[in-house]
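**Q** I need the structure of the sequence given here:
(one chain, ligands or ions: 1)
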Amino acid sequence: MSDMRPKLLIVEDDPGLQRQLRWAYEDYQLFIAGDREEAIEMLRAETPDVVTLDLGLPPDPDGTSEGFATLAEMLQIKPDTKIIVASGHGARESALSAISSGAYDFYQKPVDIDELGLIVRRAFHVHALEKENARLAEAAPEDARVLGRLITAAPEMMKVARTIERVAATQVSVLLTGASGTGKELLAQGLHDASPRRGGPFITISCAAIPEDLLEAELFGGEAGKIALAHGGTLFLDEVGDISPALQMKLLRFVRERVVGSEGGEPLVVDTRIVCATHHDLEAMIAAGAFREDLYYRLAEIVVRIPALKERPGDAALLARHFLSRFAKDMNPQVKGLAPDALAALDAWAWPGNVRELENRIKRAAIMADGKYVTAANLDLDGDRLEGGDVVNLKAARELADRRAIRRAIARTNGNISGAAKMLGISRPTLYDLLKQYQMQG
Ligand SMILES: Nc1ncnc2c1ncn2[C@@H]1O[C@H](COP(=O)(O)OP(=O)(O)OP(=O)(O)O)[C@@H](O)[C@H]1O
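**A** Numbers count the residues shown, from 1 in each chain. Below you'll find the predicted structure:
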């Protein structure tokens with residue numbers, strides 16, 4: 001069976017230390033190089049994701065020149081390699097300049113195996129994250145786009161989009177039903193854009209947002225009314241279930257006769273296509289006498305039900321990435337993606353406000369994130385925010401990240417330590433050690 005463990009390359013010229021390190025990493029496939037030439041050869045042959053590199057290599061074992069040359073060459077060959085450099089005691093400066101040359105992290109000799117183990121593990125974790133985010137950033141946008149601006153990978157939503165495309169070419173009236181924030185307006189716009197009327201205006205009016213007397217003027221107010229403005233295009237009546245019985249009557253008359261009154265008293269003939277949306281159950285409203293049945297049948301020749309975000313598997317993450325890349329670009333360019341705990345939290349959330357809520361949360365998180373990745377805490381979906389206070393130093397930050405990842409893995413595997421260890425990419429004994437170290441038992 002092929003070895004599936006992640007590959008770690010150790011570049012170290014001291015045979016004693018080589019031996020010591022060989023025993024320390026049971027979770028990885030180890031490759032050991034004693035000088036630059038061997039290191040480069042192994043990098044090319046095995047393409048390890050993480051490398052630990054001693055800066056004092058022959059022929060300059062007491063200096064750092066050969067170490068820096070190796071670092072530069074490796075990064076040139078494989079820039080995504082996470083290289084952790086080792087510096088001698090008191091050589092903090094060279095460690096820092098290695099970081100500015102592209103090293104991922106550093107540790108100081110003499111080696112503390114536990115500390116180095118933690119750094120190596122984090123390096124693998126970060127590498128995996130970056131790879132996953134890069135893959136998704138490449139894969140998602142174009143093929144996940146339907147009807148122009150709609151983003152989805154869920155078959156339920158694809159079906160909706162296909163229906164919209166098909167009815168767009170016809171003259172039938174369409175009623176979109178679905179909860180708030182599911183994308184009804186976006187779909188109505190998509191319908192207009194896919195229809196022969198795309199060159200005409202797309203006029204929207206939200207019937208719930210305007211008091212009744214104003215709504216009447218907005219709709220029917222002669223040449224300046226929304227109905228007349230939609231001539232040659234599409235009129236989108238959002239929240240049509242909220243209009244009063246008197247206005248329902250007037251709307252019915254328009255739908256039948258296709259004319260509105262003008263200032264001069266002459267009726268204006270309006271050629272527009274009506275698309276409606278509502279989050280109400282109109283059939284129940286009809287049964288209760290709150291909505292006219294005759295109007296309903298005029299407006300709803302085709303009814304398209306839009307599934308809630310929760311009913312579209314995978315879409316929360318897909319949309320989150322889309323919104324994040326948009327907002328991060330404008331507001332916080334260092335943010336590159338979503339951390340695994342954020343993805344897990346997106347998955348677990350019920351999304352009562354649907355895509356609109358998701359969009360707002362991602363916008364806020366993009367601003368709040370202070371690293372490369374948006375976390376569950378940034379999304380405000382994280383139960384354990386108490387720990388999210390100011391981070392004192394890198395060690396504390398690592399511990400915090402470890403604790404979060406561990407707690408989440410244990411929660412997701414229902415307390416199964418073996419399963420959680422597997423999910424975290426570490427051995428069971430290592431996980432037990434961490435639980436003890438962080439006093440997370442019980
Ligand atoms: N599938 C999607 N892909 C990309 N953006 C989306 C998607 N669905 C919704 N949005 C965006 O989410 C926000 C809410 O969508 P929209 O206004 O269309 O929802 P709605 O159902 O009309 O909501 P409401 O009933 O509250 O008016 C908009 O900014 C819209 O662009």
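**Q** Any stretches of this structure with poor pLDDT?
**A** Applying pLDDT under 70 to the chain flags residues 1, 89-90, 133-147, 263, 382-393, 411, 414, 439-442.
**Q** contacting residues around Ala168?
**A** Gly190, Leu191, His192, Ala194, Ser195 (CB atoms under 8 Å, 6 or more residues apart in numbering). Every residue, glycine included, has its C-beta placed from N, CA and C.
**Q** Wait, the last one touches Gly233, no?
**A** No - no contact is recorded between Ser195 and Gly233 when judged using CB atoms under 8 Å, the distance being 9.1 Å.
**Q** Compare neighbour counts for those two and give me the winner.
**A** Neighbours were tallied for Ser195 and for Gly233 using other CB atoms under 10 Å; the higher tally belongs to Ser195 (22 against 19).
**Q** How about that one, nearest residue that isn't a chain neighbour?
**A** In space, and not counting its chain neighbours, Ser195 is closest to Ala168: 4.2 Å by CB to CB, 6 or more residues apart in numbering.
**Q** can you pull the contacts of whichever residue of the chain sits closest to the ligand?
**A** Residue of the chain nearest the ligand, by CB to the nearest ligand atom: Gly183 (2.9 Å). Applying CB under 8 Å, 6+ apart, we find Gly183 in contact with Leu150, Ile306, Asn354, Val355.
**Q** make it 10 Å
**A** Contacts for Gly183 (CB atoms under 10 Å, 6 or more residues apart in numbering) come out as 147, 149-152, 157, 160, 176, 189-190, 277, 306-307, 309, 319, 354-356.
**Q** and if you look at Glu239?
**A** Counting by CB under 10 Å, 6+ apart, Glu239 touches 180, 184, 205-210, 276-280.
**Q** Which ChimeraX command selects the buried ones in the residues you listed?
**A** To isolate the buried ones among the contacts of Glu239 in ChimeraX, judged by 16 or more other CB atoms under 10 Å, type:
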select :184,205,206,207,210,276,277,278,279
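**Q** rewinding a little: list the ones among the contacts of Gly183 that fall in strands.
**A** Leu150, Ile151, Leu176, Ala277 (DSSP state E).
**Q** Distance to the ligand added to those residues, as CSV?
**A** Listed next are these as CSV, based on distance: CB to the nearest ligand atom, whole Å:
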residue, distance to the ligand
Leu150, 4
Ile151, 4
Leu176, 8
Ala277, 6
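**Q** Go through these and say which is closest to Phe220.
**A** Ala277 (19.8 Å; CB to CB).
**Q** May I have the beta-bridge partners of the closest one?
**A** Leu176 (DSSP bridges).
**Q** before we move on, back to that, now that we have the contacts of Gly183, which of them are buried?
**A** Buried members of the contacts of Gly183, counted by 16+ other CB under 10 Å: 147, 150-152, 157, 160, 176, 189-190, 277, 306-307, 309, 319, 354-355.
**Q** re the thing from before, now do the shared contacts for Ser195 and Gly233.
**A** Phe202, Arg273.
**Q** Now do the same contact list for Arg428.
**A** Ile417, Ser418, Gly419, Ala420, Ala421, Lys422.
**Q** what about the last one, how many neighbours?
**A** So the one you mean is Lys422. By other CB under 10 Å, the residues close to Lys422 number 15.
**Q** Now do it against Phe124, distance only.
**A** Remark: distance between Lys422 and Phe124 (CB to CB, to the nearest Å) = 14 Å.
**Q** can you check the second one too?
**A** Counting by CB to CB, the gap between Ser418 and Phe124 amounts to 19 Å.
**Q** now swap in the first one and tell me
**A** Separation of Ile417 from Phe124 (CB to CB): 20 Å.
**Q** neighbour count winner among these two?
**A** The residue with more neighbours, out of Ile417 and Phe124, is Phe124; 20 against 14, by other CB under 10 Å.
**Q** Give the buried residues for the one helix or strand the more buried one maps to.
**A** Element membership of Phe124 [criterion: DSSP states H and E] is helix 113-139. Neighbour-count burial for helix 113-139, counted by 16+ other CB under 10 Å, picks out 116-127, 129-130, 133.
**Q** Could you do stretch 293-306 as well?
**A** Going by 16+ other CB under 10 Å, stretch 293-306 has these buried residues: Leu295, Tyr296, Arg298, Leu299, Ala300, Val303, Val304, Ile306.
**Q** which of those come close to the ligand?
**A** Applying CB under 6 Å from any ligand atom to those, one finds that nothing falls near the ligand.
**Q** give me the number of residues near Ala103?
**A** Other residues within reach of Ala103, judged by other CB under 10 Å, total 24.
**Q** tell me the contacts of it?
**A** 51, 53, 55, 67-68, 71, 74-75, 81-85, 95-97.
**Q** So which of those belong to strands?
**A** Using DSSP E, the contacts of Ala103 in strands are Val51, Leu53, Lys82, Ile83, Ile84, Val85.
**Q** Can you tell me the number of residues neighbouring the first one?
**A** Here the neighbour count serves as a burial measure; for Val51 (other CB under 10 Å) it reads 29.
**Q** Verify the contact between it and Pro6 for me.
**A** No - using CB atoms under 10 Å, Val51 is not in contact with Pro6; the gap is 11.9 Å.
**Q** coming back round to it: distance-wise, check the residue nearest to Ser195 relative to Cys276.
**A** 15 Å.
**Q** And the furthest pair within the ones in strands among the contacts of Gly183?
**A** For the ones in strands among the contacts of Gly183, the farthest-apart pair by CB to CB is Ile151 and Ala277; their separation is 19.0 Å.
**Q** Would you mind measuring from the nearest residue to Val172 once chain neighbours are set aside to Ala72?
**A** Setting aside the residues directly before and after it, Val172 is nearest to Glu301 in space (CB to CB, 6+ apart), at 4.3 Å. Look at Glu301 and Ala72: by CB to CB, they are 68 Å apart.
**Q** Check Thr163 too.
**A** 57 Å.
**Q** again, but for Pro352
**A** Going from Pro352 to Ala72 by CB to CB gives 52 Å.
**Q** For the stretch 151-300 of the chain, what lies in contact range of the ligand?
**A** Checking the stretch 151-300 of the chain against the ligand by CB under 6 Å from any ligand atom, the hits are Ile151, Thr152, Gly178, Ser180, Gly181, Thr182, Gly183, Lys184, Glu185, Leu186, Asp238, His279.
**Q** Present those as CSV; the columns should include distance to Arg403 and secondary structure.
**A** Below are these laid out as CSV (distance: CB to CB, whole Å; DSSP: H, G, I helix; E, B strand; the rest coil):
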residue, distance to Arg403, secondary structure
Ile151, 34, strand
Thr152, 35, coil
Gly178, 39, coil
Ser180, 36, coil
Gly181, 34, coil
Thr182, 36, coil
Gly183, 37, coil
Lys184, 41, helix
Glu185, 42, helix
Leu186, 40, helix
Asp238, 45, strand
His279, 41, coil
